[in-house]
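1. Fold the stuff below for me.
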Amino acid sequence: MPTRQCPHCGKDVFDQMTQCPYCREALGPVPQVRGDRVREAEGGSKIRQGLLYILLAAIIHYFAGGYSAFQLPLPIQPIVTTYLSPLLFLGGIGLALFGFYLKQTA
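-> As a prediction, the model looks like this:
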């Protein structure tokens, strides 16, 4: 069960208790962490994650498409460069735009 610290005596008590069993003081409600700051932080992480997906798609397309001088040891199917890397790229763009939306509405 999740616990929290008693603000009066400092001992750990279960978060659903209304009174501390050690010091017998009344405990207030559990504070909620969801808010504008959390939503803004989620937006920032979504933007970062989307940009990493875009970078990963570009790297996959570069090496799998044969644009580099480096030869891969395994043959890459054309479906990777035709459908999968552009799909990953578009998904990254969508995730980054969703992150921007979360930051703007926070």
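2. could I get stretch 99-106 in CSV with only the CA atoms?
-> C-alpha atoms of stretch 99-106 as CSV (Å, rounded to 0.1, in the frame of the first residue of the first chain):
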residue,chain,number,x,y,z
GLY,A,99,3.4,17.8,-27.0
PHE,A,100,3.2,21.4,-28.3
TYR,A,101,-0.6,21.2,-27.8
LEU,A,102,-0.2,20.0,-24.2
LYS,A,103,2.3,22.8,-23.5
GLN,A,104,0.0,25.5,-25.0
THR,A,105,-3.1,24.3,-23.1
ALA,A,106,-1.3,24.0,-19.7
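3. What average pLDDT does whichever strand or helix holds residue 53 get?
-> Assessed by DSSP states H and E, residue 53 sits inside helix 36-64. For helix 36-64, mean pLDDT rounds to 90.
4. gap between that helix and the chain center?
-> Computed by C-alpha atoms, centre = their mean, to the nearest Å, the separation of helix 36-64 from the middle of its chain amounts to 9 Å.
5. So which bits of it are buried?
-> For helix 36-64, the neighbour count (16 or more other C-beta atoms under 10 Å) marks 42-43, 46-47, 50, 53-54, 57, 60-61, 63-64 as buried. C-betas here are computed from N, CA, C, even on glycine.
6. Next secondary structure after that helix?
-> helix 78-79.
7. Run the chain-centre distance for the following helix or strand past that next one.
-> Following helix 78-79 in sequence order, the next helix or strand is helix 85-105 (DSSP H and E). Centroid displacement of helix 85-105 relative to its chain, using C-alpha atoms, centre = their mean, is 12 Å.
8. how much space between the residue most central in space within the chain and residue 67?
-> In the chain, the C-alpha nearest the mean C-alpha coordinate belongs to residue 45, at 5.2 Å (C-alpha atoms, centre = their mean). To residue 67, residue 45 is 31 Å away according to C-beta to C-beta, to the nearest Å.
9. What of residue 92?
-> Distance from residue 92 to residue 67, by C-beta to C-beta: 19 Å.
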